[in-house]
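Novice: Structure for this input, please:
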Amino acid sequence: MSSPEPLIFLVDDDDSFREALRRLLTSAGLRVEAFTTAQAFLDAKRPEVPSCLVLDVDLPGLGGLDLQRELRAVDATLPIIFLTGHGDIPMSVRAMKAGAVEFLTKPVRQEDLLGAITQAIERDRVEREQRAELAQLRGRYALLTAREREVMARIVVGLLNKQIAAEFGTLESTVKEQRARVMKKMQADSFAQLVRIAARLEISRKTQP
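Specialist: Okay, here's the model as predicted:
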């Protein structure tokens, strides 16, 4: 299955600059949705595809840095490339610390912008894949019984079946069966893979009764 086509969101209130940038990105084979204000962007529905936001700092109403804060407040991870008509080092530092991919000064060089977009799209693609994988792991973990979760927490710290059985006051053969069910439900082919899954889910013996 082919990867979904990425989408570039462009927010700039300068009509001529926005249109020129839209044509540039389109000619580079990129899909673009353009907006004149930050609020218009916030109000628009965003498809679940690898994306990035090319954002003017100086916007009427809700400014670029304000929009960045709004997105962070709702846990949005959309990568942002800032554009500004004047260099402002403190502003760029704040934007980068808040997670911006790049802070470019107008007139922006084509290669700089396209390079930043490539980087941002790849970052978003990887983060989306990681979130999807984590959601799958959480779904598998939800299928475990309470006792199977307790067994898993002890398996991944290296306890043997007989040690787990002694702790629970049960038979070693019972723990062996529970261990097999844990491996099957979590789709883990090895102990090492189960340990990696537990690390992704932040599961440890401390998280269990």
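Novice: Around residue 44, how many other residues sit close by?
Specialist: Neighbour count for residue 44, taken as other C-beta atoms under 10 Å: 10. From N, CA and C alone the C-beta is placed, and that goes for glycine too.
Novice: With the one 4 residues further on instead?
Specialist: Neighbourhood size, residue 48 [other C-beta under 10 Å]: 8.
Novice: same question, residue 56
Specialist: Neighbour tally, residue 56, other C-beta under 10 Å: 24.
Novice: can you check residue 144 too?
Specialist: Counted with other C-beta under 10 Å, residue 144 comes out at 17.
Novice: Can you classify residue 54 by secondary structure?
Specialist: Assigned by DSSP: H, G, I helix; E, B strand; the rest coil, the conformation of residue 54 is strand.
Novice: Give the bridge partners for it, please.
Specialist: In this entry, residue 54 is beta-bridged to residue 10, residue 81, by DSSP bridges.
Novice: ok, it touching residue 114?
Specialist: No: using C-beta atoms under 8 Å, residue 54 is not in contact with residue 114, being 10.7 Å away.
Novice: where exactly do the helices run in this protein?
Specialist: Here the chain has its helices, by DSSP state H, at 15-27, 38-43, 64-73, 89-97, 110-142, 146-155, 161-168, 172-185, 191-200.
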